[in-house]
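Novice: can't give you the sequence, but here's the structure:
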């Protein structure tokens, strides 16, 4: 794999100076075109120590307009970072649309070094590479250009390079004892790197192997590859946009499903909506569960076990009231309610999951999503805000996201609050009559109501595809608010209890 | 996950009869459109025993034009099949473009049951599911519509259904003791199935979960889903074709790479082309290695160890002569030379890897590819016969293919026979002068020669991306035919020796 990167390729200073001005102009021109595009560029630099990852990123920063680039490098996770799933910090730093992000010691760093130091087996490295593949695939599917450079040096060249850096007082600081330790493990490192590249070089995220021994050769190849890749991607995205537009008006008008299918019971219509709790029972059980939650939460906080709660449901199903009954049992500094409405401008410039990743909170806290990432497979699907491809692949992306939350030891509960259309109508009418509740009722609520059937189908599919053993949905019969509140509280308590047991 | 498929959904005979004629007409119409399309439809039926997988496939066969469908079901691999990598039989049976393939007890069967019976761990099942994901992704990337139905029954419904089948003398044969055994393992089965679906329900290959208790409901839902999915895919492919056409004439004319990059040494130009073997040395070493090969091959045949040899190289590099020196040492019934030219009509109607899968031979045999699947990243790339996306993702597809060959215990060697442009010119001129060699020289050879630089770049990338520890490339300095032949023979012998050791 690396034979082709040990050939002694070189570019002289004169040669480089001769092409530099034009290359630089072309790069700036590409960057200018990119600024108006609807995708980010994600550049990953990996490779052997001393092969010029940093210098190359530096040159890029120097040559390009820095307002449109971000550079990130990762070492050991900070306190802030280790409280969250490992990919949190990478999601946080993703460049927005139109920008270029450069990643040094990226998501590949830990799996590779853990393998080189024998801390994980080949199979365990493979598992972590699969997570990386899912990550890069999700970004590429969303339009991102993912381009990866592997800077290579032969064992001999690495030694020479480290010595040279050490001998120059200006660069000596760059060489640490760790670098020499790594040099001794060269063969192991290169063996693991080969597997890493083989497992993660995909059509949508190809590794380019670059001979790193000569700086000017390295610069020329990286800059030229980058310029060509961005240009080709700009053209490709333009063409894709035209396809998406065409697919919005399909040649074949979509026929509605036959009535014998639409009239079938759904997972929602089969719920027993007569469930109820009388005043006394309700008060007693509510107090019980809240006391239980309060105790459990204090234990969870001590142990650093976080909780993520997801609330979805029909308009007027009582999400807000239920959430308030729950948060009343918690300390205000320990929880956050995240109301999810239309994305902000900043959020729209990112992958749709980005805004949920950013809200995952520190260890021991409770994060409550009032509506959530499920918007992708509910409102965005029903309203046609995203393509069919996009919501269909979202099931897998969501399962992957939730798996990372659960693997990080967080407790995750997902609630669908269900009411019947009749109950919804009654509540809407009530809202429009009571003055201090009128703000809650919008025209959109009435419009959504007309699409009840389409939403019901979407909810069915959502439960099918994302109610898993590690992250099950709880469907809540919410025609009775009392019943719903107690059921939610009890479910959260049960999940916390189980989560605390596991964390022991 | 399966809650939504235990709702007791039903369609009466009258209701079904009322929609059947129209649905059937629509399906035939969709099939007619599909016949002219450039993709196959791959339907996978999975699910609980007795949930109606067979009946549904039967109905589809009855309703559609059988000339354009194939149905396959798999049980234990035959002798023929177990001699090859496990996916060989699935590749063999893939429907060609325009056809519908229905797969029962498909590639999901063995991983699921092995897990249910505790023969593999969850991690091992996951690994096998990843291979499935790669398989389905490769087919979908090539344009195939992959659609998967999971037929579900509750535990109670399954019991009822098996009883009913048993009680009817016409269907009693369908219920075997194995079915009842499976029923007892219902919970395990459903648990493993949930993980299977979660890991393999992708945007490009979604699992549709179908409540299987009522036959007419099940038929209605499968037929309707299928009709809609094929229709949407036809539209999508049409749009994609227009994009591909547009991308052939990109907005931005691609600039050639700067000369400072193209003039650099390549992995090929760095070979020591003065290597040579004199007549006596050559004869002695050739005899030695052929004797060695002959012995090793007989041992390999006894042990059932197959060998796959790949020959690539410049026109007139001496592939044919080298292969003959090799096969002379083998028994004619034990090897096959597969010359790869332009694909046949049958081959063009399939995924590009299909024609290589089909040639993998039985245990203990030697299969020699004179040119190979690497055409995708060489001639098809250079000549623009496939899109950039297609050859870029081919590296991963090829690594996956070769990994399966090696995992099945086969010995794999890949040779690039290199000659210099000057040597090629001399050989071309010689060919054109010697009458009995003139047939070997075509206009295409001269045309290819003009693209030497582009091919050299492609070879460099090919070695970078596909020379791995499990399947390394051997670059052969072939200006001297004698040197080349002995180097190839020795490499094959060394690899066979190592392979035999491993198989002990």
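Specialist: Good, I have the coordinates. Here the structure is a predicted model, which is why all the values come from computation and not from measurement.
Novice: Pop out the phi and psi values for residue A:48.
Specialist: phi -70, psi 140 (degrees, to the nearest 10).
Novice: count of neighbours near it?
Specialist: By the measure other C-beta atoms under 10 Å in any protein chain shown, the count of residues near residue A:48 is 25. For every residue, glycine as well, the C-beta is placed using N, CA and C.
Novice: Now it: closest residue in space, sequence neighbours ignored.
Specialist: By the measure of C-beta to C-beta, 6 or more residues apart in numbering or on different chains, the closest residue to residue A:48 outside its immediate chain neighbours is residue A:153, 4.6 Å from it.
Novice: now swap in residue A:188 and tell me
Specialist: The spatial neighbour of residue A:188 that comes closest, neighbours along the chain excluded (C-beta to C-beta, 6+ apart), is residue A:116 at 5.2 Å.
Novice: pretty sure the one you found contacts residue A:192?
Specialist: Yes: counting by C-beta atoms under 8 Å, residue A:192 is a contact partner of residue A:116 at 5.3 Å.
Novice: excluding its backbone neighbours, what's nearest the residue in the stretch 301-450 of chain A that chain B sits nearest to?
Specialist: With C-beta to the nearest C-beta, the shortest gap between the stretch 301-450 of chain A and chain B falls at residue A:393, namely 2.7 Å. Spatial nearest neighbour of residue A:393, chain neighbours left out: residue B:203 (2.7 Å); criterion: C-beta to C-beta, 6+ apart.
Novice: Would you map the helices across the stretch 151-300 of chain A?
Specialist: For the stretch 151-300 of chain A, the helices defined by DSSP state H, counting those that start in this stretch cover A:155-167, A:177-184, A:186-200, A:215-248, A:259-262, A:279-303.
Novice: Save those helices as a markdown table, and put in distance to residue A:324 too.
Specialist: Listed next are the helices of the stretch 151-300 of chain A as a markdown table, based on distance: least, C-beta to C-beta, whole Å:
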| stretch | distance to residue A:324 |
| --- | --- |
| helix A:155-167 | 60 |
| helix A:177-184 | 52 |
| helix A:186-200 | 46 |
| helix A:215-248 | 40 |
| helix A:259-262 | 36 |
| helix A:279-303 | 12 |
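Novice: Of the ones you listed, which is nearest residue B:38?
Specialist: helix A:215-248 (16.0 Å; C-beta to C-beta).
Novice: Distance-wise, check the residue nearest to residue A:48 relative to chain B.
Specialist: For residue A:153, the distance to chain B (C-beta to the nearest C-beta, to the nearest Å) stands at 15 Å.
Novice: Show the contacting residues for the closest residue to residue A:187 other than its chain neighbours.
Specialist: The shortest distance from residue A:187 to any non-neighbouring residue, by C-beta to C-beta, 6+ apart, is to residue A:155 (7.6 Å). Residues near residue A:155 by C-beta atoms under 8 Å, 6 or more residues apart in numbering or on different chains: A:183, A:186, A:187.
Novice: picking up where we left off before, shouldn't the residue nearest to residue A:393 be in contact with residue A:389?
Specialist: Yes: using C-beta under 8 Å, residue B:203 makes contact with residue A:389 at a distance of 5.7 Å.
Novice: the more surrounded of those two?
Specialist: With other C-beta under 10 Å as the criterion, residue B:203 and residue A:389 differ in neighbour count, and residue B:203 comes out ahead with 18 against 14.
Novice: and the residue of the stretch 301-450 of chain A closest to chain B, how many neighbours does it have?
Specialist: The number of residues packed around residue A:393, counting by other C-beta under 10 Å, is 21.
Novice: my read is it is in a helix, agree?
Specialist: Yes: according to DSSP: H, G, I helix; E, B strand; the rest coil, residue A:393 belongs to a helix.
Novice: Which among the contacts of residue A:155 count as buried?
Specialist: Buried members of the contacts of residue A:155, counted by 16 or more other C-beta atoms under 10 Å in any protein chain shown: A:183, A:186.
Novice: on that earlier part again, show me whatever sits in contact with both of residue B:203 and residue A:389.
Specialist: Counting by C-beta under 8 Å, 6+ apart, the residues touching both residue B:203 and residue A:389 are residue A:141.
Novice: Quick check: nearest residue in space to residue A:117, chain neighbours excluded?
Specialist: Leaving aside its chain neighbours, residue A:117 sits nearest to residue A:185 (8.0 Å; criterion: C-beta to C-beta, 6+ apart).
Novice: ah, wrong one, I meant residue A:461
Specialist: Per C-beta to C-beta, 6+ apart, closest to residue A:461 is residue A:377, 7.0 Å.
Novice: could you show me where the strands are in chain A, in order?
Specialist: A:41-47, A:69-73, A:100-104, A:145-152, A:207-211, A:307-313, A:335-339, A:366-370, A:411-418, A:473-477 (DSSP state E).
Novice: And the last one, what does it pack against?
Specialist: Of the remaining helices and strands, those touching strand A:473-477 by 3 or more C-beta pairs under 8 Å, 6 or more residues apart in numbering or on different chains; DSSP states H and E are strand A:411-418, helix A:452-466, helix A:481-503.
Novice: got a list of what the closest residue to chain B within the stretch 201-350 of chain A touches?
Specialist: For the stretch 201-350 of chain A, the residue closest to chain B is residue A:203, as judged by C-beta to the nearest C-beta, at 2.6 Å. For residue A:203, the contacting residues are B:141, B:389, B:390, B:392, B:393, B:394, B:395, B:396, by C-beta under 8 Å, 6+ apart.
Novice: and the gap between it and residue B:390?
Specialist: 8 Å (C-beta to C-beta, to the nearest Å).
Novice: rewinding a little: now render the helices of the stretch 151-300 of chain A as JSON lines, adding mean pLDDT.
Specialist: Shown next, in JSON lines, are the helices of the stretch 151-300 of chain A (pLDDT from 0 to 100):
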{"stretch": "helix A:155-167", "mean pLDDT": "90"}
{"stretch": "helix A:177-184", "mean pLDDT": "87"}
{"stretch": "helix A:186-200", "mean pLDDT": "93"}
{"stretch": "helix A:215-248", "mean pLDDT": "89"}
{"stretch": "helix A:259-262", "mean pLDDT": "87"}
{"stretch": "helix A:279-303", "mean pLDDT": "95"}
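Novice: And those: which comes nearest residue B:104?
Specialist: Residue B:104 lies closest to helix A:259-262 among these, at 23.8 Å (C-beta to C-beta).
Novice: what about the closest residue to residue A:441 other than its chain neighbours, neighbour count?
Specialist: Spatial nearest neighbour of residue A:441, excluding adjacent residues (C-beta to C-beta, 6+ apart): residue A:431 at 4.3 Å. Residue A:431 has 18 neighbouring residues, counting by other C-beta under 10 Å.
Novice: Name the residues contacting each of residue A:203 and residue B:390.
Specialist: Jointly contacting residue A:203 and residue B:390 under the rule C-beta under 8 Å, 6+ apart are residue B:141.
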